[in-house]
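> fold the stuff below for me.
(5 chains)
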Amino acid sequence: MSEKPKVAWYWCASCGGCEESFVDLAERLLKVFEAVDIVFCPVAMDFKREDVEKLPDGSITVALINGGIRLKEHEEMVKLLRKKSKIVIAYGACSAWGGIPGLANLYNLDEALERKYLEVPTIENPKEVLPTKKIIVNIPEAKMKAELELPEPLPVLLPLDKVIDVDYYIPGCPPTPDVFWNALQALLSGNLPPKGAIVGASNRSLCDECSLNETKPEKVLVKEFKRPDKAKPEPNKCLLAQGFLCMGPVTRGGCTALCIKGNMPCTGCFGLLDGIVDYGGKAISYFGSILDYSPVEDKEIKKAFDSIPDWVGTIYKYSLASAKLSHKAGAKKPKRIKEVVEI
Amino acid sequence: MSSVLIVGGGVAGIQAALDLAEQGIDVYIVDKAPSVGGKMAYLDKTFPTLDCASCILAPKMAALLRYPNIKLIMNSEVQDVSGRAGNFKVKILKKPTYVDWSKCNGCGVCTEKCPTKVPNEYNMGLSQRRAIYIMFPQAVPKRAIIDAEHCMRLNPPPKAKEKAKGPLCGVCERNCPTKAIRYDQQPEILELNVSAVIVATGMELYDPRNLPELGYGKYQNVYTNLEFERLVSATGPTNGEIVRKSDGKHPKKIAWIQCVGSRDIRFNHYCSAYCCMAATKQAILAKEHLPEVQCTVYYMDIRAFGKGFNEFLERAKKEFGINYIRGKVVRIDEIPETKNLKIVYEDTAESYMKADEYDMVVLSVAITPNSKLPLPVELTKDGFIQLKDPYLDPVSTTVEGIFVVGAVAGAKDIPDSVTEASAAAARAALIAKRFSCPTPEVVK
Amino acid sequence: MVGGTEFISINPNVNREVFKLGGKSLLECYQCGSCTAVCPLSEELDVSFRRAIRYTQLGVEEKILGDISPWSCNLHGDCTDSCPRGASPSEILAAIRRYQSIKYDWTGITKWWNGSSFASKLVGYLVIFGLSLLLYFGFFWQSILAYASTGKLVVLSELLIPVAVVFVISLAILASNGYRAYKFMIKDKKKEVGLVKSLKHIASFFIKVESDAMKVGHKRERILEHTLILIGLGLFILLGILYVLVPKFFEFKVISRLLIYVASITLVIGVGSPLMKRITAGEKTHWYYKKFTHPTDWMSLITLLPPAIMLLLVFVFYDLSMLSHAYIAFALFLSFMIPFILLEFAFGKHTHWLYKVIAYYVGARTGYFRGD
Amino acid sequence: MTEEPRIGVYVCHCGFNIAGTVDVKKVAEFAKTLPNVVVAKDYVFMCSEPGQDLIKADIKAHNLNRVVVSACSPSLHEITFRTAVSEAGLNKYLLEMANIREHCSWVHHDKEKATEKAKEIVRMAVAKARHLEPLQELEVKAETSALVLGGGVAGMRAALELANYGFNVYLVEKAPTIGGKAALIGYVDPKTKGAEIVSKMFDRVKDCPRIQVLTNAELIQLSGFAGNYIAKVRLNPRYVNEKCTLCGECEEVCPIEVSNEYNFGLNKRKAIFLPFSNAYPPYYAIDYRVCVKCGECEKVCRFGAISLKEEPKVVDLKVGSIIIATGYDPYRPFKGEYGYGLHQNIMTLFQLERLLDPDSPTKGELIVGNKIPKSIAFIQCVGSRNTTPGAKEYCSRMCCTTAINSAVKIKEKYPDMNVYILYKDIMTYGSDETLYEEAGKKLVQFIKFEEKIPKVSITPEGLFIDVFEYTIQENLRIPVDAIVLSIGMLPPRDIEELIAVTRVSCGGEGFVREAHLKLAPVEAPTKGIFLAGCITGPKNILESIRMGSAAAAKAMSLLSKGKLTIEPMIAQVNEEKCSGCAICVGVCPYSAISIKKVNGDRIAYVEKALCMGCGTCNAACPSGAMQHLGFKDIQLLAQTRAVFGGEMNV
Amino acid sequence: MSETKGEFEPKIVVYACNWCTYAATDLAGTSRMSYPPNVRIIRVMCSGRIDPQFVLQAFADGADGVIVAGCHPPADCHYIEGNYKAYRRFELFRKLLETMGIEQERFRLEWISAAEASRWVQVVNEMVTQVKKLGPLKPNLEVRE
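The predicted structure is shown next:
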């Protein structure tokens, strides 16, 4: 037996859920460890950047990267990993399409920072401190100054494939253990799928594996749109047919319709299917299609559309950063980030 | 293979032709105009759906070209029909177009170069065309035709003729990229053998000059409804802008006068069936073009009898604020200074004579059947083609094997004409295909 | 009144009666209002002939009786020319007038005179004429002979008594009927316009309407005929009054003869012309003389023609010194006058002058005339 | 894509029409630089014989597998060039037109800009051409037969037309007799009796062996598609067979009495009954809904014509097309609407029509309340034109003419009767106007009302109608002896079931919607289903009859060849990708899509014969499984990208 | 980019239904009307075929404006109610554009019947003028330094 494949695991703008999904492999983890060597995994082990830099180019068999690219640091690290790795896999929705952090692209970075650090009701920041590139901290007790350098944020969040070449994608927020496992199996088998493939998930949309698919009426037509926080879904009845904005039809299957089993509509974390070029555009198309009014009933149509306050957040929950219109037009380099602040 | 002759290429003729051709029967459409389309081709929109007329008609017209078994014999007239069901002999006079239609590809270069301008009949004389022209942009077949009467070459002005040494003009011939111009074309007589004939010659508008008190032809701002239709049409002389002939300004008040020549024993006894809804439609169109305009329809009975008609009428009243006044207009006087029109009538709700002033008046004129045909069919006293037994032998004339559809058999609107056209197609197909079934209808 | 909850009862038989009175095309009317709109009177007068026709079609009796529009009609016939149903509104209006006259007349004679057949009218007329003959050629014959022998034209007081009595009775009936008509017409209307202004309205209205009508050939013809009758009858009455009150007048031979000849000749022509046209009506005759052939129309002419001729003859004979002939003619004249006055003048078509005057008066006072 | 595209681009001068504004040489040169373009040429008239020959020659010489013709609008010459490429052995759908005449040279004047635009238009066409696929027209066998639903005049007419043409026709009628409402109308015009027309039509139906009349029958299920429908028809028992001699003895002994719908409730009938004297088939029928099976009739019948043991049967009929001619229901005035149901002298127009029919209980005499009324009033627009709260908005089209016709008939028979017609607008359209004229001559009285509708008062003195007469603006009180409500038409009561079975759809007014109100008035949106008579809205008898013929013509056109050609530019499902979410099913305007189980998976299935190729399902399909052939996502995206010089790669 | 040559020439992508709007564009041609050469027409059979994805792709690739055009509701549509679907989809689509900060003027849903060549010309003229006023879109989609 030759050397075990080397695996690197890096996280960018990520919540840590993807790593959790790895842990959720449970006893199957052992088999993973048997099969591979982990050479870099900041979430679990104390590797340093230099460790990676030291590795010869192409020596890492697979780099799994989760989270979107939000900071210059992320950009540098993934570029480095690309150089060192044979295969780069975007792991999870954030990495593949930007994920929920990608929704920050609806704002200029300044607006986003203000929102995050000043406006959010749970924040108390009387001095209005915002992130800066360099913070000089005075430590009077020690009579010294310490310098903190923060990585610079990018104007918009980018999915991994807008920064580096990505070989495969594993979808999900996070990918379910089964999906991850399937992907691993596929990759380890040596029978590599074509580049750019989404591995571990289904080729059909979620409806295919959804138990409520059978409960659909003949024609899926609705008169109003509902939100799960405002209306209670009837059990055992297709949520879309009830008017809930279920993303199932446009979302890749593979998760076994977990949310729907919990009586919640699919929010689309498995992303788009092959042949679809814009997830949200497609979602608009079918939501528009099922609303059963004629243009004469303009008011009803507007009413139905206005009943959903955040369409973009609904149809691009996980994929805004990779959409055709991936961020708010006129995104500018932030102005509010100061070079140096002394506190 | 037996064939069917359709006289008239309006919407009814087209429908009958398509229904027959689809069954594999040879169809000849003879029309005196250079294009099929009939009166519907003049319309802007159709009631009660406000469908654009050419949008729904043009595909049907174009569909005619897809059938190799449909032959369009345009600019022609039937001269004689003899024989009997199953074997009619038809003589058709093919008038010269002076253009070889097998060569002409409708590019329209000639119509731009021709130096002679003539009032355009398609726009009811409200705009001009050339002496060589294509009837309208969506014409089928799209071919040029020379109006010999106005052509400098074919009918040169006597003075110019004296001066000139050789033949005059010839601009179209020189410019035709396909060399299709034939100044020496002669009338031809075609002889056809057909199994059945469908008469779909439709109607003409009654000439409102027969009612001199309404001043049509005398006062510039009095229009017929077909003229108004062209005026409001996007393809019309003003590209759909409603302006007065007298001063080119937008009218502020328009009146529609119903039953001009209809329901009147002095002119035509019958009701023309289309005009109430047409006026309603035109009033709505006027309102859509000029939201400030005031529209009033003068009527005696609003005949909103068809599917969706009454709903349409209610919409016109409520949504568009069209006024309806019950009273027959007996006279129109022009105010010479403003060229405005004063219409005189009794408001039958108020019971005295009134005279209202309008900027523009549209006459909803009656239709008259195009029934003066060299066919052995009988006519009713109103001049429509007589039906034999409409209950048991629908759309049949008094001659077996000759069927009649559309407005030439009685005033009617488009759907009824189309329905009849299909009905006639069924009946003509029975004869053409010689299918037999031991029923008194066919065998006896 | 609009909106009220009071409902007017109808008389379903009115349309049949009017039909019989000559309104044959009454129900052919489909209420387009052409007649009102086309009528030259409408320029000046707020009336609706169409509505009058509708009242009659449906039998809204109280409205019919109060309607002034039939009386304002001058039978110019533009409506009939332009009626899309060929319904001849002027004929219908004439029939409505007959109906109205019947209802205005409390004696019931109008009902018989307007409603009966031509033959029974003729018989009635002849009976009264016969009685008159009896009176003059029987009872008064001796006195006539006596007067004749004097060779002079003298006041013939006792001979005139029957005619005067008949005339006075007729006037009384006419006055009472006129009053009834006035009551019907003024009902539900308000006098808004002053008397002087009203009269001015009426005068200018007549001048305008008639002078307009004179421009049209066939109307001119009829107006002339009517005017001849009007002049003739006027002179007739004038002469009659003069005869009674100022018998001396007849001694001014030239003037009195002139007046008498003018009166009788105008009458003979005015009556004879339409009568001849009716009798000889052919292709080219204007429809007026063909449509308006209700027996009352005939009778109005027929009853007037003989006295006019007789009067002419009286003086022709007299001036030719054929006195006995003149007196016979005179007796005949009076014999013809009695049925004329008793039937036609008091109850026949000739009553229209009265109702017309009342209608115009009511119309003018209650604001039916347009403008100032 | 199996083979690399080899594209030929042909730029037409169209004389000077294009070449006058667009530098066609430059466009052709530019086309050569585009990916997969093997050859690019220009020619003076591409549509001419030599132009077409040029293309054909190149296809062979350069082994082209895609052709782009850059000329005029595809609506003009697409067929020409498709024919040309197919003559050269290429699938005709591998042709793409670039419209540089109507969209470029004719609308622009700046030669440079127009040339640039023309280049881009060609680039877009080439981009689409790279993704074109060969398509095949399909042919399916079609049954030359029809199922006609409804045995009224429209249905009978359609059946006769089709049977004479050679179709096998099943005439399915719910009632025990065909004939429909027309059979019950006394006089359909002043000279013609409804019953006469109908019985003459019966004679023809009887003589036509290709027509199979199924009475007491209902369509309960319809499957398949145009040319190949399978109709399940339930035959309800009649209990009386052809041995019946119409002796009528059974009727006398039958103990059950119900209101006689064939006389619109004017009298009663038994459970065993003959609908009307010339009913067809000419046998008694037992109303299976009310019969208590006492057996009295069976006992009394001397001919053995009655058998109460009969059971309902269901038959499957294979037919190529369906003609729906199930007619209408008369408007049902509610109790008290104009006094209806409160006084015996207030009746509907249909009841009056029965009374005037010589075959009626009164033998054609107008007897109401045991005597002939002195006056009678028709109230028009009952149930139509928004008169009363329950009324429909539409005009019922036939009631004015029918009422006036009856009024004239009454006046002819009883000249002294006062006949009033209370109307809103008289709708004697077309030549029926002469009837209105005639009515005036016959002294029928007309009363016009508008928004304020008449009120019927029932008093001890008799009936009165209070009405605000519009043209004199007065409130009138009309004393009448009888009142006729000119009721309009309603969609048939069972239209819901009809829709459920045949999948036709309804318009706002409740009648079946036609494919196009103006130009396709007898076609349902679904191919193979045609409409005749009042099912699409109120009609008069003549119009219904003509519609019958017209619907037959449509069925002939569709099926006469015994096969159907299916256009290939329709929707196609990629079964690998389809998840059966069913969104496409709801958006299809032609009900062409359904969900089928394939290996246990829900998969959308396109019935090719029904698909019209609009592509809306493709736009709606969330997974990209549904593709509109000829306008696939990738083709349109490629075209979009090509505007900006981009490419779309698979 | 065309704006290098002085005036900015926007590019406008048009998705037109075959039966109405495409016919109108043809008619504008046969009637020799004149309009700016900034439009690129993509033909589909029905406005109901037009997928918001296409419009997004066009914007992302550099379109400065997009017109989606079909037959007039309620009854002009050749396919019964494809235009209804287009209407609903693109009404919703407008919400996306709004949120993404793209000017509403850059996207138009128009009903243009086969006879309304002049309407077509008018729409193009208006659109080109409006978009010229707004300037190019592409730089707005890129992150500006």
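
> going by C-alpha atoms from here, please, whenever you check contacts or count neighbours.
Will do.

> residue nearest the centroid of chain E?
Most central in chain E under C-alpha atoms, centre = their mean is E:Ile67, positioned 0.9 Å from the mean C-alpha point.

> okay, and the beta partners of that one?
Beta-bridge partners of E:Ile67, counted by DSSP bridges, are E:Val14, E:Arg108.

> was I right about it contacting E:Tyr15?
Yes: counting by C-alpha atoms under 8 Å, E:Ile67 does reach E:Tyr15; the two are 6.2 Å apart.

> can you pull out the strands in chain E?
Along chain E, counting by DSSP state E, strands occupy E:12-17, E:39-44, E:65-70, E:107-111.

> can you list the strands that the second one pairs with?
By that I understand strand E:39-44. strand E:12-17 (parallel).

> residue numbers of the stretch 301-450 of chain D in contact with chain B?
Applying C-alpha under 8 Å from any C-alpha of the partner chain, we find that the stretch 301-450 of chain D lies next to chain B at D:385, D:393-397, D:425-434.

> in these, find the pair that's most separated.
Put simply, by C-alpha to C-alpha the two of those set farthest apart are D:Glu393 and D:Thr434, 26.7 Å from each other.

> could you measure from the residue nearest to the centre of chain E over to C:Gly66?
Noted for E:Ile67: a distance of 69 Å to C:Gly66, by C-alpha to C-alpha, to the nearest Å.

> do A:Thr122 as well
88 Å.

> also C:Leu311?
From C:Leu311 to C:Gly66 the distance is 39 Å (C-alpha to C-alpha).

> how about A:Pro101?
Following C-alpha to C-alpha, the distance that separates A:Pro101 from C:Gly66 is 90 Å.

> over to C:Leu228?
Applying C-alpha to C-alpha to C:Leu228 and C:Gly66 gives a distance of 30 Å.

> which stretches of chain A have low pLDDT?
Residues of chain A meeting the criterion pLDDT under 70: A:1-2, A:331, A:333-334.

> residue of it nearest chain B, please.
Chain B sits closest to A:Val296 of chain A, with a gap of 12.6 Å, by C-alpha to the nearest C-alpha.

> mind giving me the packing neighbours of the worst-scoring helix or strand of chain C on mean pLDDT?
Ranked by mean pLDDT, DSSP states H and E, the weakest helix or strand in chain C is helix C:287-291, scoring a mean of 77. Contact analysis of helix C:287-291 by 3 or more C-alpha pairs under 8 Å, 6 or more residues apart in numbering or on different chains; DSSP states H and E lists helix C:253-279 as its packing neighbours.

> output the contacting helices and strands for the helix it packs on.
Where contact means 3+ C-alpha pairs under 8 Å, 6+ apart, helix C:253-279 is packed against helix C:217-245, helix C:287-291, helix C:295-302, helix C:305-319.

> can you tell me which of those is nearest to D:Lys141?
Proximity to D:Lys141 (C-alpha to C-alpha) singles out helix C:287-291 among the helices and strands packed on helix C:253-279, at 72.3 Å.

> name the residues that touch the closest one?
Residues from elsewhere that reach helix C:287-291 (C-alpha atoms under 8 Å, 6 or more residues apart in numbering or on different chains): C:77, C:91, C:274, C:277-278, C:281.

> 7 Å - rerun?
C:277-278, C:281 (C-alpha atoms under 7 Å, 6 or more residues apart in numbering or on different chains).

> against D:Glu78, how distant is the nearest residue to D:Thr83 once chain neighbours are set aside?
In space, and not counting its chain neighbours, D:Thr83 is closest to D:Lys92: 6.6 Å by C-alpha to C-alpha, 6 or more residues apart in numbering or on different chains. Distance, D:Lys92 to D:Glu78, using C-alpha to C-alpha: 10 Å.

> quick check, the residue of chain A closest to chain B in a strand?
No: counting by DSSP: H, G, I helix; E, B strand; the rest coil, A:Val296 is not found in a strand; it is helix.

> how close does the residue lying closest to it once chain neighbours are set aside get to B:Tyr274?
Nearest non-adjacent residue to A:Val296, counting by C-alpha to C-alpha, 6+ apart: E:Pro74, 7.6 Å away. According to C-alpha to C-alpha, E:Pro74 and B:Tyr274 sit 22 Å apart.

> neighbour count winner among the two?
Neighbour totals were compared for E:Pro74 and B:Tyr274, and B:Tyr274 leads with 23 against 16 (other C-alpha atoms under 10 Å in any protein chain shown).

> burial measure for the closest residue to that one other than its chain neighbours, as a count.
Nearest residue to B:Tyr274, sequence neighbours excluded (C-alpha to C-alpha, 6+ apart): B:Asp413, at 5.6 Å. Neighbour count for B:Asp413, taken as other C-alpha under 10 Å: 21.

> so what's B:Asp413 scoring on pLDDT?
Confidence at B:Asp413, expressed as pLDDT, is 92.

> can you list the weak-confidence ranges in chain C?
C:1-5, C:152-157, C:292, C:371-372.

> what does the domain assignment say about it?
Chain C breaks down into these domains under automatic domain parsing: C:12-104, C:116-365.

> just the strands in the stretch 201-350 of chain B please.
B:203-205, B:222-224, B:253-260, B:294-299, B:323-326, B:329-335, B:340-347 (DSSP state E, counting those that start in this stretch).

> on that earlier part again, out of the strands of chain E, nearest to D:Lys442?
Judged by C-alpha to C-alpha, the one of the strands of chain E that comes nearest to D:Lys442 is strand E:107-111, at 53.0 Å.

> now the angle from that closest one to strand E:12-17?
Orientation of strand E:107-111 against strand E:12-17 (axes from the mean of the first three to the mean of the last three C-alpha atoms, to 10 degrees) gives an angle of 30 degrees.

> contacting residues around strand E:107-111?
E:65-72.

> before we move on, the earlier item: any idea how many residues pack against the residue of chain A closest to chain B?
Using other C-alpha under 10 Å, A:Val296 is surrounded by 11 other residues.

> kindly reformat the domains of chain C as JSON lines containing mean neighbour count and distance to B:Tyr98.
Listed next are those as JSON lines, based on neighbours: other C-alpha atoms under 10 Å in any protein chain shown; distance: least, C-alpha to C-alpha, whole Å:
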{"stretch": "domain C:12-104", "mean neighbour count": "24", "distance to B:Tyr98": "47"}
{"stretch": "domain C:116-365", "mean neighbour count": "18", "distance to B:Tyr98": "51"}
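
> thank you, goodbye.
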